[in-house]
Each structure stands twice: as structure tokens, then as C-alpha cells.
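> turn this into a model:
(2 chains)
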Protein chains: 2
Amino acid sequence: MTRFRKYVPLLDWGRSYSRDVLADDLVAAIVVTIMLIPQSLAYALLAGLPPQMGIYASIVPIILYAVFGTSRVLAVGPVAVVSLLTAAAIGKIAEPGSDQFITAALTLAFLSGGFLLLLGLFRLGFLANFLSHPVIAGFISASGILIAASQLKHILGIEATGHNLLETGASIVAHIGETNAVTLVIGVTATAFLFWVRKGLKFLLVRIGLAPRIADFAAKAGPVAAVGTSTLVVWMFGLADRGVATVGPVPQSLPPLTLPSFSPALWAELAAAAFLISVVGFVESVSVAQTLAAKRRQRIDPDQELIGLGAANIGAAFTGGYPVTGGFARSVVNFDAGARTPAAGAYTAVGLAIAALFLTPLIHFLPKAVLGATIIVAVLSLVDFSILAKAWRYSKADFAAVATTIVTTLGFGVELGVTAGVIISILVYLYRTSKPHTAVVGRVPGTEHYRNVLRHHVITDQRVLTLRVDESLYFANARYLEDRIYDLVAQRPDLQHVVLMCPAVNAIDMSALESLEAINERLGDLDVIFHLSEIKGPVLDRLQRSHFLDQLTGRVFLSQHQAMQALAHDPVGPPGAGVTVQAPKKLGDTRNSLAQQRNYR
Amino acid sequence: MTRFRKYVPLLDWGRSYSRDVLADDLVAAIVVTIMLIPQSLAYALLAGLPPQMGIYASIVPIILYAVFGTSRVLAVGPVAVVSLLTAAAIGKIAEPGSDQFITAALTLAFLSGGFLLLLGLFRLGFLANFLSHPVIAGFISASGILIAASQLKHILGIEATGHNLLETGASIVAHIGETNAVTLVIGVTATAFLFWVRKGLKFLLVRIGLAPRIADFAAKAGPVAAVGTSTLVVWMFGLADRGVATVGPVPQSLPPLTLPSFSPALWAELAAAAFLISVVGFVESVSVAQTLAAKRRQRIDPDQELIGLGAANIGAAFTGGYPVTGGFARSVVNFDAGARTPAAGAYTAVGLAIAALFLTPLIHFLPKAVLGATIIVAVLSLVDFSILAKAWRYSKADFAAVATTIVTTLGFGVELGVTAGVIISILVYLYRTSKPHTAVVGRVPGTEHYRNVLRHHVITDQRVLTLRVDESLYFANARYLEDRIYDLVAQRPDLQHVVLMCPAVNAIDMSALESLEAINERLGDLDVIFHLSEIKGPVLDRLQRSHFLDQLTGRVFLSQHQAMQALAHDPVGPPGAGVTVQAPKKLGDTRNSLAQQRNYR
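Residues are numbered from 1 along each chain as shown, chains lettered A, B, ... in the order given. As a prediction, the model looks like this:
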């Protein structure tokens, strides 16, 4: 029973649902519904799908998320990046507008829902971590540009295609002569108006005396005003006959029952894209949900989020929708408008269902240019390349990952872009840990502290070499450690002991274990004894499962000081023989004292 | 000049070449030459190539490696695993025996030589580290079984194909009715003889009074005896007419000048396989070279090894060879026979050139079954599945990687096998670090040590939470850290300070930086102050390049004790208020004292 409840959060918040909460949720639902109508139409257009599919994708998914999701305020539905990924995935296998195209969209929603559910049931949400923050930031910005470019054709009233910036640009240039002047005027006016609504209107309304909250709501209704006005203008002046592309006839219907395809061939073609969409959608959704939950000291459960989003996508597949996820803009609006439980989402779904039933005839003359303008204004607000400067300053490795993601996304499209970002993040990380920071250490006089001989005045013993390694030992750096030790030993012919000091070694995998065995054996061949010091408990536990500690020629010391007490006074020579105070090499004194201040070790 | 010398190690050891060294090198060369003749023929057969290509692949490559390589004793030429990878790669794009097949082999050698050179020039040898020790061990064992299975057809005298165990097995079963009885007798006899030579002969020879060194040499010559005797038998009794497949006519020639193909289409088809071959070959070669170098306290330079092997492969491409690398068996023989410089390799090359010129007519009647037996006996000695038991005992993660590699190699062939091994190693590593070990810590009474509250009797303060994290912070675990802190904070309503203790944090990447910023901001919203303690110098340096330390609501403490002195006596309450001695939870006292003994922290 508890287990069942864990998978259905509705059972928790539903029991304490009161009239107060109902009122708050209803207000939020009305605000969100008004905002979602144009947005849903526009994103369906972006995905290359009939506009009503955008509305359908916002109805059943939002209800299923309300039952299974853990965020109180996340609004699930079509979003820009996922719509673009959908267009890229199904554009490769079917002609836009064809039946196969629509079936492919339904199937894509079904598959990505399936992936999300599987990841959730097996608690594999950590996979989403492979999309690092900077990679996501770069990807979202580059996608924003791709999306805006793809909408230029609607503003110009021409045909154009392309899944990356070069293709789209070339296609627009090739068709620019076919620009429809009336469409262009409508498109540019709508874009300018929407930018102004977003930037200037609220400020103006507040200045003329409106309450900030009402001014804010009026600004949110800007797209609705643009949609209404432009539709009216096109209808009144018969502009459709002058070449202005409009949405055209839209069926008046609740979401229809639909079936995704179960063809293995289609599944094989869509699987990789569906996986990408589920991961990208999940990451976007979870960051929005976490940000909003933290503001009210609430928690979300990422693994349960996978189940909520999975259910939403499968719902979309069976009710005429396409891949959905938690959207940033709609969730923030829902939160700001005072939504307190997922029931607000359910009420929004009712509002959209009413719209789908009764309002669709009204958008027959809605010009596509205005929907394009809505998308452009929405996505350009996501574009922020300051991540490049920030990454450059902080870490060249992160910069490489971001820059690769941006360039690949713009040049080769969204799918390759996000894949390249993930791969390079992993490579860069492995590269960094493959050459870990190591330091030969000696004792700081008068203390039991052992520090880098290059940075501190320390005491060393010419018969004992202590190397501290500042990284977990695993396959990517195991060989490097061997190299480093052999190099050091080759330079010191009078060496009798090597101590590997491991205070920052959090794990030793089997490759590293074999390297330690090899080091132990090869040093043994040279009559050099190999010791370990300051190994962490869990690491030592694991080493005890192997035969390494039996074979070790030397000892395992709890602390480096114990090691030096035992080894530096080795009976081979008189106590203290061979002990030298070693001055730091290479670094000057200024840097050195700075280093001490900063607790360099 | 020094830079040039770095790339041509010959200039170092060549200057001190003496008559003594010459004698040692010559003896080793003779031993190795005798061993290499049957081995080279056999591996060419394994790759599906004409037998003389095996000899050619051992001549020029060995000389080029002598000039550019850093190991004194590595013997470069065809090896079993690389031959199998070659067969898999070129078998997909051309019919065995056709001209295209041979051109593809030359091109594959050229491309993998090119990759090796590039990796060497850009010092990217670390990429080979992605092949973890256990994955290599599993891969070599599984390949050994695949190779042995692929040679059964020669023992049976039938036709069979297949790039994995299922295909090969099915193909052999389908053709088993065509078994040639005479071939089977020769093949089984040769296999039994070669196993006996390897296991029993040396022991016997020593017992009858031969010097161990001579007995060893005699055992090494076993394959030559098998080849000679069987050829003689087939020729004398005209067994070729009774269906025994033989090597057939082999041209008498020095290595011919050949050209790889420069067709971009072919390059595209072979690129992935060539990259795999270069990495697998490099890893195999470097481990052999390192093992042997360490025995004489010599060093090899892995990046220079890439250049040596790259030159050898490009040499193979232009002289009728196919992909080569440093072989285990031949190098050990070279070492044991007393080789002291790479010149021994050059003398071996001369010996093989003489063989190619004068001895090839003698092998016309050499039965393929005997070559198959040579391969089977050689590779089965590499098969060792004890790695599975060892990995299971040491770490389930490593076990998963090894088991996946073995199963994929056997079931889907070598290329997928090694790729799967690399991918799963990386995934397993990222998974492990994605949920790092963390511990809420308190002060051990009477000391300045801070330990896990679950393992030790420690003093904590109810207004201060200290979390120690035992892993570098990066994209794979940044979100986990956020989750962990928010969960802890949500349970402690009277919390005023959170201290993140970082003694084992070796790096903080940009994703983790953004998570720290988010934690700082969200805790700030809840009026909880966020501090850091025991940050390492290099990590702190990097943080100072961002704005994080300016935004941090709390302070950066050099030591955890300083943090607690400052925060636990916070002026909010009287000194010591809220301080409680906390007994360890969950773990019993026995475990706890054990933990202390083992220096759990």
C-alpha cells in the first residue's frame, strides 16, 4: 500500500484538498489556459504538426502528470526544444503533413514515454546527469537560435527547410524572392508587438496605476491579443486571398483516441531520438520543478518525476499529442498565478478541452506568421551565450564542452549537438582525472603535517619516497600512476621505500588494483619496499577482498607520520641518517607563503 | 636537435652499440626468426590473407619500430587479436582472397598507422586507458575462444565462416559432414603434439640432462618441427590429392612495394575498425613493453611508442603487410633469448627476408590444419576466465564490465565486444561517482577530528549541519549533492548553518559550481547560511575565478574545527547552546570500534 502510494503522489496531497486551495488553483488554471492556447498552437507548428495536436498534447498529459508527478506546480505540455527535436526526428522518416508523419509523432511520444517509465522504474534518473549544466545551457541557447531561424519562413511567407543553421539559411536565401509582403508586415508587426509586451508593457501599465499583479497578467495575455487581433484583420480584409498563410480548418473535437505504431522497423528508426527526447525533456523538466519546489521548501523526487513524465507522454501518444515535458514558461506562470496543487493542471486541461471543442473555428484565419512571431519571441529569451565567457574564465575544459555543443548544434542540428555535448563532457572529465595531481611530500618541521616538497620547506629522507595522489584510482589513471612511480624510482638509485599516501583516494577499481600489484611486484624486483598510508576505511575494506595486502612487500600505515616514524628510523642506518631538510624547488618564496595561507597541501 | 632525437630513440642506443651487444642480439634474432616463420604464416591465415603477407608484415615494420620505438626488446609483427580484428573489419567489405580484400588490409594498416601517429604527435596516449585492465583481460580471453573456434574448420578440413561464436558454431555444424578424415588426423595430431611441446617437452628434456636453456629453445622450435614434418608427410604421400588443404604456391620475393587505397569511401568504411585496431594493438603492445622494460629497470615512453607503432603500421601498408603491433609471445622469446637492443629486431627482419626469398617454395605442401593447430595452441594459452571470479570478489562494477565484454565478444564479435567493454567501464565509473559517499560529521570529544555521526560517538550542534563529501564534484554528481543537502535541510527546521566539508574534493567543475550557487541561493531563501571548509588550494584558486565566493552567504574555513569554533558558539544563543553528544545510529558498537581501528573518517 505504501509502495503503491509512493508511485501515486495524488493520494498524498488529494486528501487535504480544501476550498481555499481550490480557489487558488482555479485562478492559476485560467491564467495558464489563456497563455497556453497560442503557445500550444505555435509549438505544434514548430514540430511540423497540425495545430490542434499542440492543444491535445496539453490536455491528457497534464492530467496524468497531476496524478503521478511530484511537483506541485509543473505544467506539462509541448515545449520549444522538444518540439524541435520531434521535428528533426520525424522529418527524417516522413513527409511533413502526411499520415506517416503524424503516426511517427505519436510513436515518438509513446517510445519516449516508455523510456521515461523504464528509467523511473529502474531508478536510472542519474543518467540525466550526463547532460552537464554548461552543456545544457549551450544547447538551449543554440536550439533557440535554430528555432528562431526556422520560424523566419513564416514571417516571410515562404517555404524553407533545414535542420541546422546552414541548411535553413541557404533555404531561406534561395526562396527569399517569394516573400509575401502582406505576411511580412503582419509578421514583423507581431514580433515587434510581442517583444514590446514582454519588455515594456508591464512597466507602462504599472506606471499608469495598475496593480503590478494585474499588469503582469495583462502582459501575459499579450500573445492572445496578437492572435485575436491578427485573426480578425486577416478575416475582415480577406488577406488569406492575398497569400497570407493561415492555420486553416481545425476540427472541433476533444482529444481523439489515437494509436502509436507498433512496427519494429519504425521503433528502430525512432529509438535513439526518443531516448534523446526523454533525457533532454527530463533534464529541462526537473530543473524547472526543482527551482520552483525549493522556493516553497518542497521536494521533488527525480525518479518519480520520470514516472510522471513517462505517463504524460504515453497519454499524449494515445490522445493525438506528441512528446511533452514540463515547460519553463508555463510552469513559472502557473507558480506566479498562485497554483498550489497539481489540481490546477487538471483545471487547465479542462479549459483547454473547452477551447478545443468550441474555439477552434475562430482560429481558421489565424496567420502562421503570428504563431512564428510568438515562437521567436519566446525562444530568443532563452538565448544566452554568456555561459561561454563564464566557462572560459572558470575552466577551459568546460568551455570546450560548451563550445562544441553550440557549434555542433548550430552546424549539424539538435540531435548531434546534444550527443556531442554529452560525449565531450565525459571525455574531458576522463582526461582530467587521467592525469591526477600528485605530489612528492615531506614533513613540515616541528609538525606531523606532510606537504608538497615543491611548495614547502619540508624534511625528507633520501631512502624513502612518499607520493601523495589526489584522485581516486581507476582505469583512466592507473597506468599514469605506474608511470609516475617508475619515473621517480628510476631517478633515485638509493631508494629503499616507496610510500603511496592516499588521503584523497575515494576508490580503487580493479584496473588500479592491478596497477598497484604491478608496482608492488616491480619495486620488489628492485628491492624497493612498497607501503601505503592514510587509506580510507571503505577503500581498505575493498582491498582486503583481494590478495593484494598479502602480497604487499611493505605495510599499510594509518597515518603518514606513523609511516615516516617507522621507515625514516630504519635499522639499515643510524637513526636520522640520510634525513635532509629540503627547500622547495621551482616556486619562489612569495608563492610559497601564499600557498600556505591557502592551505595548499 | 634534442627534439628530433626524442622522436628517434635509435640515436641514443645506437651510439654505444658494441660487439658484445651485437652477439647477444644476433642469438636472440635467430631464435625469434625460427619461431616467427610458422607464426607469421598462421596469423595471415587467421586474417584471411595469403600466408606470405604474414612474413612481409614482420620485416619492414620490425625495422621501423627499431628506429622509432622506445622498448629495447619489443618484437613487432602480426598478432592473434589484431589479425582477428583485421579479418572482421575487411571481411565486411570484400570477399576473402580477392584483390579488394588485400587492398583493404593494406589500407587498414595505413589508417591504423595514421591514427597511432596522430595520437602520438598530439600525445593522446591516455585514450588507451579507457580500455581498463579487466576489460582487456576479458576481451583477450573471449577473442582467444573466437579465434580457436574459427580455426576448427582447418582442423576439420571444411569451409566455415562467422564473426562470432554462434555464427561460427552454426557454420561448422552445417558443414561437419564434409569433414576430411586425413586432414582431421593431421590437425588433431599437430594440436596434440604442440600442446605436449608446450607443457611436457621442456620438462622431459631437462630430465634427460639437457641444459634448461637449450631445452627451452627446443620447445620453442616445436612449431617449426610440426610444420616441417607435416609438410614432408603431405608431399611424400601426395595427401594434397586426398583433400588436405595446403598453403599452395607462395611467391619467392622480398616484401613487394604496395599502395594502400586512398579512396575516401573505403577510408570511411574502415575508419572505426582502424581506430579500434590501433587502440587495442597499442594497449597490448604497451603492456608487454612495460612489463619487459621494468624487469631491467628501463623505461618506455608511451607517447613515443605510439609513433613507433604508427611507423611500423604505415611501413606494413607499403610493403605487403597488414596491421601489426608488439606481440606478447615473440617479445618474451626475444627477451629470454637475450636481446639487448632493437637491433635484434632488425636482424630478425633480415632472417625473415631470407626466408621469404628462399624458403617459401618449401611450404607449398604445408597443410593449413597445422597452421590452424599452431594458432589454437597459441591462443588457448591466453584464455583465462579467472578474471571473472577475481572481479566478482573485488567489485561488482568491474565484474559487470568484464562479463559484458566477454558475452558481447563471444556473441557479437570482437568489434562490438571491445566497444561494449569501453562503454560499460565508463558508465559504471560515472554511475559510481554519481552517488558519492557523503557523511554528516560531528566532533570526536576531546579532539579536533570530525567523523561520521553514524559510525562514531561525536558532538554535534543542532543549529549547524556539516556534510562531508568524499568525491570530486562534477556534472555526474552535482545534482545528487543538491538533493542530499535539500533532503537534510528539509528534516531540520531549526537549522541555521550548513557547512560543506571538502577534504576529498579534488576538483569542482562548472556544473558543480552552478549547483553550489543554487544551494547557496536556495539555503539563503530559507535563512540558512552556507559555508565551506577544508577546500584544497587548487580548488579554491579555481573558485576564485568565478563570482561564487562573493555570493557565498557564509565563509570559507581552512579547517572544520575553525568552522565549528566560529559557528557553534554563534551569538544567536548562549555558548554551547544546542550542543548535544550524539551516539552513532544504525551501526553497532563492535562495527564502530572496528571502524575506528581502520581509520574510517
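
> next helix or strand past the helix or strand encompassing A:Leu45?
Following DSSP states H and E, one finds A:Leu45 within helix A:19-46. For helix A:19-46, the succeeding helix or strand toward the C-terminus, using DSSP H and E, is helix A:51-56.

> check which helices and strands the helix holding A:Leu45 sits against.
Applying 3 or more Cβ pairs under 8 Å, 6 or more residues apart in numbering or on different chains; DSSP states H and E, we find helix A:19-46 packed against helix A:51-56, helix A:80-91, helix A:133-156, helix A:212-220, helix A:222-236, helix A:328-336, helix A:343-354, helix A:368-380. From N, CA and C alone the C-beta is placed, and that goes for glycine too.

> ok, which of those helices comes nearest chain B?
Nearest of the helices and strands packed on helix A:19-46 to chain B, taken as Cβ to the nearest Cβ: helix A:133-156 at 4.0 Å.

> mean confidence for that closest one?
Computed over helix A:133-156, the mean pLDDT rounds to 88.

> which parts of it are buried?
A:133-156 (16 or more other Cβ atoms under 10 Å in any protein chain shown).

> return the distance of A:Phe193 relative to chain B.
34 Å (Cβ to the nearest Cβ, to the nearest Å).

> which SS state does that residue fall under?
For A:Phe193, the assignment made with DSSP: H, G, I helix; E, B strand; the rest coil gives helix.

> what residues does the stretch 151-300 of chain A have near chain B?
For the stretch 151-300 of chain A, the residues in contact with chain B (Cβ under 8 Å from any Cβ of the partner chain) are A:286, A:290-291, A:294-295, A:297, A:299.

> show the end-to-end separation of stretch A:471-478, please.
Counting by Cα to Cα, to the nearest Å, you get 11 Å between the two ends of stretch A:471-478.

> how far away from the center of its chain is that stretch?
Here the centre of stretch A:471-478 is set off from its chain's centre by 27 Å, with Cα atoms, centre = their mean, to the nearest Å.

> for that stretch, which positions count as buried?
Neighbour-count burial for stretch A:471-478 flags A:471-478 (criterion: 16+ other Cβ under 10 Å).

> any idea of the mean pLDDT in it?
On average, stretch A:471-478 scores 88.

> quick check, that stretch touching chain B?
Yes - Stretch A:471-478 comes into contact with chain B (Cβ under 8 Å from any Cβ), by way of A:471-472, A:474-478.

> what segments of the stretch 251-400 of chain A are strands?
All strands of the stretch 251-400 of chain A, identified by DSSP state E, counting those that start in this stretch, fall at A:325-326.

> next, the buried residues of stretch A:88-99.
A:88-91, A:93-94.

> for the helices and strands packed on helix A:19-46, which has the smallest mean pLDDT value?
helix A:212-220 (a mean of 75).

> hang on, A:Val498 is in a strand, isn't it?
Yes - membership of A:Val498 in a strand is supported by three-state DSSP.

> quick check: it touching A:Leu467?
Yes - A:Val498 sits in contact with A:Leu467 when judged by Cβ atoms under 8 Å, with a separation of 7.1 Å.

> so which of the two has more stuff around it?
The neighbour comparison of A:Val498 against A:Leu467 (other Cβ atoms under 10 Å in any protein chain shown) goes to A:Val498, with 25 against 18.

> do you know the pLDDT at A:Lys92?
A:Lys92 carries a pLDDT value of 85.

> distance of it from A:Ala109?
The gap separating A:Lys92 from A:Ala109 is 17 Å, by Cβ to Cβ, to the nearest Å.

> same check, this time on A:Asp509
Taking Cβ to Cβ, one finds A:Asp509 at 39 Å from A:Ala109.

> who has more neighbours out of the two?
Using other Cβ under 10 Å, the more surrounded residue of A:Asp509 and A:Ala109 is A:Ala109, with 31 against 28.

> state the helix or strand in which the more buried one lies.
Going by DSSP H and E, A:Ala109 is part of helix A:99-121.

> re earlier: what sits in contact with each of A:Val498 and A:Leu467?
The contact sets of A:Val498 and A:Leu467 overlap at A:485, A:488 (Cβ atoms under 8 Å, 6 or more residues apart in numbering or on different chains).

> next, the angle from the longest helix seen in chain A to helix A:99-121.
Ranked by number of residues, the top helix in chain A under DSSP state H is helix A:264-295. Here the directions of helix A:264-295 and helix A:99-121 differ by 50 degrees (axes from the mean of the first three to the mean of the last three Cα atoms, to 10 degrees).

> show me which residues of helix A:264-295 are buried.
The neighbour-count check on helix A:264-295 (16+ other Cβ under 10 Å) flags A:266-267, A:269-270, A:273-294 as buried.

> grab the nearest non-local neighbour of the residue of the stretch 51-200 of chain A found nearest chain B.
Nearest residue of the stretch 51-200 of chain A to chain B: A:Ser132, at 3.3 Å (Cβ to the nearest Cβ). Of all residues not flanking A:Ser132 in the chain, B:Phe475 sits nearest, at 3.3 Å (Cβ to Cβ, 6 or more residues apart in numbering or on different chains).
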